[in-house]
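Asker: Below is the sequence, then the predicted model.
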Amino acid sequence: MYLPSLMSKIVNEGVIHGETSVIMKYGIYMIFVTFIGGLVMIGAAYLSSEIATNVGRQIRRDVFTKVERYTLDQVNHFGVATLMTRTTTDINQLQDLLIMGLRMMARSPLMFIGGVIMAVQASPRLSMTLLIALPVIALFIIAVGKKGMPLFKIVQKKVDKLNRVVRENVTGIRVIRAFDKQEYEMQRFEEANRDLRDTNLKINKIMSFLFPGIFFILDAIIILVIYFATSQIDAGLMEVGDLMAFVQYITMILFSIIMLSMIFVMVPRAQVSANRVNEVLEMDDKTKERAGTKKVPENMCSLEFDDVSFKYDNAENCTLENLNFKVKAGETLAIMGGTGSGKSTIANLIVRFFDVSKGSIKLCGEDIRELDLHDLRKHIGLVPQTAVLFSGTIRDNIKKGKKDATDEEIIEALKIAQAWDFVSGLKDGLDSLVAQGGTNFSGGQKQRLSIARAIVRKPKIYIFDDSFSALDYKTDKVLRNELNKIKGDSIFIIVAQRVSTVMDADQIIVLEDGEIDGIGVHEQLLKISNVYKETYESQINKEGI
């Protein structure tokens, strides 16, 4: 703010009168002021970056933590592609706005107010030109904003769509190649990509008018100022240095407006991003723990489904209806049924990926919704229907089940899961790398590693959700025999399609359309359940039962 005034004194007192000492004096002042201003700007840039990146990190952590607590329904409500976009692109938009905001939004109003005061002091008459310029610029910015703002929300949706297409293409590459659909997928990608490009082009075309328009108004004002100032200089009412200072203050004022305009361009997109991030953060936690939660009992006694019904969000019919059964400590419960009968849903309810719509699930007589959620899951070893491995090493993946597991415990778990033979044959053994998604292992190997991850946990409840399907019959039988040796007073819940996998269970439940068609042991079900009998007879020759 002080530099134009110093420059005015150099011209008025030094240049015009030929006073070199005055020029040197005020020149040194200008260098000093510039140096101090530069240091402050460097400090502001550093602090704004530090604050904005820390805020971005905190928001990303909050979003990630929130999504970690989502039920599967809630994840599906948003979709994986949009959750990834909201965690990365949207938060980056907020972070960028914060960096620019801290550096410009605080500075620009001060520059604007200070510039107006200094300009009025330099020449009250010429300052009247601001009464024309400022409203014109404000109206121009508002007009451009009204055109561009709605498009920012659209462009984020286009990014979601593009991410979804790319993700589906990458994860489903084998199916796409097997059915020779590369060209079709390329067309899908091109369509989404072109759609995003066109929307961005439309935004940029609108916003491209902003800065040229502001600079045009700025130049026009400067021309008017110089035109009116010449007569005042000729009349001796104004000095040349004052005119130069006034022009610089006008430039400062309008430059502060330009900086605010840059923020104005970023605010609509950041506002859309903030709303999208808030949607994730503000969604109710459906598995929220109740007040006064309890710990899981030390001694396992029983797991009971008491008149349990469950319905997915927006579904017309219940997936499970009026389920009543009880499994005691040390017993194995097997669940069979056709595709879509609700087998995996039972497993998801026990782990509280969802909460029951009606009735209750009781662990040792306590409703699991009354139990501490983290403590409940700590006592469950789940092997999901689709074997999931994480990038890293085999040791890292097994330690997901128990982070302080020793190598001896890991090897023992791998032996029980019938995985040690192929793991020990690898060059690096437990330190062998696992590719993202475990793509460098076969389906059966991934399933056995997933089973070992649950075994090393030594939980009170084992849940095997169709986790023997990729194993041959011999390995399946040997593995189950080994599991029986470590059962103790734990509860085994096995979801399976093979009769040979479930026929030795202490209790077998047969589901049909979400309801219990039959419950009992193998011999009983052959007499009372047509579904079980038909499944048995269809597999008897293939399995050699």
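Answerer: Now that the structure is in, tell me what you want to look at.

Asker: Now do the contacts for the residue nearest to the spatial centre of the chain.
Answerer: Nearest to the geometric centre of the chain sits residue 87, at 3.4 Å (Cα atoms, centre = their mean). Applying Cβ atoms under 8 Å, 6 or more residues apart in numbering, we find residue 87 in contact with 60, 63-64, 67. Just so you know, the C-beta spots here come from the backbone N, C-alpha and C atoms, and that holds for glycine as well.

Asker: Lowest-confidence entry in these?
Answerer: In terms of pLDDT, residue 67 ranks lowest among those, with 87.

Asker: Excluding sequence neighbours, find me the nearest residue to that residue.
Answerer: Excluding the flanking residues, the one nearest residue 67 by Cβ to Cβ, 6 or more residues apart in numbering is residue 83, at 6.0 Å.

Asker: Pull out the buried residues from the host helix or strand of the one you found.
Answerer: Residue 83 is part of helix 80-85, with elements assigned from DSSP states H and E. Going by neighbour count (16 or more other Cβ atoms under 10 Å), the buried part of helix 80-85 is 81-83, 85.

Asker: Please check the contacts of residue 87 and keep the buried ones.
Answerer: Buried members of the contacts of residue 87, counted by 16+ other Cβ under 10 Å: 60, 63, 67.

Asker: Phi, psi for residue 112 please.
Answerer: Backbone torsions of residue 112, given as degrees, to the nearest 10, read phi -70, psi -50.

Asker: List the residues that contact it.
Answerer: Residue 112 neighbours (Cβ under 8 Å, 6+ apart): 253, 256-257, 260.

Asker: Mind doing that once more with 10 Å?
Answerer: Counting by Cβ atoms under 10 Å, 6 or more residues apart in numbering, residue 112 makes contact with 134, 252-257, 259-260.

Asker: again with residue 383
Answerer: 347, 401, 417, 447-455, 462-468, 494-495.

Asker: Can you give me the pLDDT of it?
Answerer: For residue 383, pLDDT reads 90.

Asker: how's the protein carved up into domains?
Answerer: 3-282, 300-379+496-545 (automatic domain parsing).

Asker: weakest of these in terms of mean pLDDT?
Answerer: Confidence, taken as mean pLDDT, is least for domain 3-282 of the domains of the chain (a mean of 82).

Asker: quick one on the thing from earlier: what's the next secondary structure element after the helix holding residue 83?
Answerer: Downstream of helix 80-85, the next assigned helix or strand under DSSP H and E is helix 91-100.

Asker: To which secondary structure element type does the nearest residue to residue 363 once chain neighbours are set aside belong?
Answerer: Counting by Cβ to Cβ, 6+ apart, residue 363 lies nearest to residue 303, which is 5.7 Å off, once chain neighbours are set aside. The three-state assignment at residue 303 reads strand, by DSSP: H, G, I helix; E, B strand; the rest coil.

Asker: I'd guessed residue 303 sits against residue 326; true?
Answerer: Yes: contact criterion Cβ atoms under 10 Å: residue 303 and residue 326 qualify, at 7.2 Å.

Asker: can you put the buried residues of helix 80-85 in JSON lines and add distance to residue 224?
Answerer: Below are the buried residues of helix 80-85 laid out as JSON lines (distance: Cβ to Cβ, whole Å):
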{"residue": "81", "distance to residue 224": "53"}
{"residue": "82", "distance to residue 224": "51"}
{"residue": "83", "distance to residue 224": "54"}
{"residue": "85", "distance to residue 224": "48"}
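
Asker: Between these, which sits nearest residue 29?
Answerer: residue 85 (51.7 Å; Cβ to Cβ).

Asker: Who are the packing partners of the helix holding residue 83?
Answerer: helix 20-68, helix 72-78, helix 130-171, helix 240-282 (3 or more Cβ pairs under 10 Å, 6 or more residues apart in numbering; DSSP states H and E).

Asker: show me what contacts residue 14?
Answerer: 20-27, 241.

Asker: same thing with residue 195?
Answerer: 154-155, 157-158, 161-162.

Asker: before we move on, the earlier item: contact partners of the helix holding residue 83?
Answerer: Helix 80-85 is contacted by residues 63-64, 67, 70, 74-75, 77-79, 90-91, 156-157, 159-168, 171, 273, 276, 279-280 when judged by Cβ under 10 Å, 6+ apart.

Asker: Just the buried ones from the residues you listed, in PyMOL syntax?
Answerer: To isolate the buried members of the contacts of helix 80-85 in PyMOL, using 16+ other Cβ under 10 Å:
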select buried, resi 63+67+70+74+78+90+91+156+157+159+160+161+162+163+164+165+166+168+273+276+280
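
Asker: picking that back up, so can I have CSV of the contacts of residue 14 showing distance to residue 10 and neighbour count?
Answerer: As requested, these are exported to CSV (distance: Cβ to Cβ, whole Å; neighbours: other Cβ atoms under 10 Å):
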residue, distance to residue 10, neighbour count
20, 11, 9
21, 11, 8
22, 7, 16
23, 5, 17
24, 9, 12
25, 9, 16
26, 5, 19
27, 7, 14
241, 7, 22
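
Asker: So which of those is the closest to residue 217?
Answerer: Looking across the contacts of residue 14 and measuring by Cβ to Cβ, the closest to residue 217 is residue 241, at 25.3 Å.

Asker: okay but the closest one is in contact with residue 22, surely?
Answerer: No: Residue 241 is not in contact with residue 22 according to Cβ under 10 Å; the separation is 11.5 Å.

Asker: Can you check which residues contact both of those two?
Answerer: Taking Cβ under 10 Å, 6+ apart as the criterion, residue 241 and residue 22 both touch 9-10, 12-15.

Asker: Wait, a helix at residue 341?
Answerer: No: counting by three-state DSSP, residue 341 is not found in a helix; it is coil.

Asker: How about the contacts made by it?
Answerer: So residue 341 contacts 319-320, 335, 510-515, 517, 531 (Cβ under 10 Å, 6+ apart).

Asker: repeat for residue 59
Answerer: Residues near residue 59 by Cβ under 10 Å, 6+ apart: 87, 90-91, 94-95, 274, 277, 281.

Asker: Name the nearest of those relative to residue 37.
Answerer: Residue 37 lies nearest to residue 95 out of the contacts of residue 59, by Cβ to Cβ, at 26.1 Å.

Asker: roughly how far apart are that closest one and residue 263?
Answerer: Between residue 95 and residue 263 the computed distance is 14 Å (Cβ to Cβ, to the nearest Å).

Asker: More neighbours: which of those two?
Answerer: Neighbour tally, residue 95 and residue 263, criterion other Cβ atoms under 10 Å: the higher count belongs to residue 95, 22 against 16.

Asker: For that one, which residues are in contact?
Answerer: Contacts of residue 95 (Cβ under 10 Å, 6+ apart): 49, 51-57, 59-60, 270, 273.

Asker: same question, residue 152
Answerer: Applying Cβ under 10 Å, 6+ apart, the residues contacting residue 152 are 93, 199, 203, 265-273.

Asker: Taking these together, which two end up most distant?
Answerer: Greatest spatial distance among these (Cβ to Cβ): 199 and 267, at 18.3 Å.

Asker: And the helices in the stretch 351-500 of the chain, which stretches?
Answerer: Secondary structure of the stretch 351-500 of the chain (DSSP state H, counting those that start in this stretch): helices at 373-378, 394-398, 407-416, 420-424, 443-455, 473-486, 499-502.

Asker: could these be laid out in JSON lines, adding mean neighbour count and distance to residue 310?
Answerer: Shown next, in JSON lines, are the helices of the stretch 351-500 of the chain (neighbours: other Cβ atoms under 10 Å; distance: least, Cβ to Cβ, whole Å):
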{"stretch": "helix 373-378", "mean neighbour count": "16", "distance to residue 310": "17"}
{"stretch": "helix 394-398", "mean neighbour count": "22", "distance to residue 310": "31"}
{"stretch": "helix 407-416", "mean neighbour count": "18", "distance to residue 310": "32"}
{"stretch": "helix 420-424", "mean neighbour count": "16", "distance to residue 310": "38"}
{"stretch": "helix 443-455", "mean neighbour count": "24", "distance to residue 310": "24"}
{"stretch": "helix 473-486", "mean neighbour count": "15", "distance to residue 310": "28"}
{"stretch": "helix 499-502", "mean neighbour count": "23", "distance to residue 310": "22"}
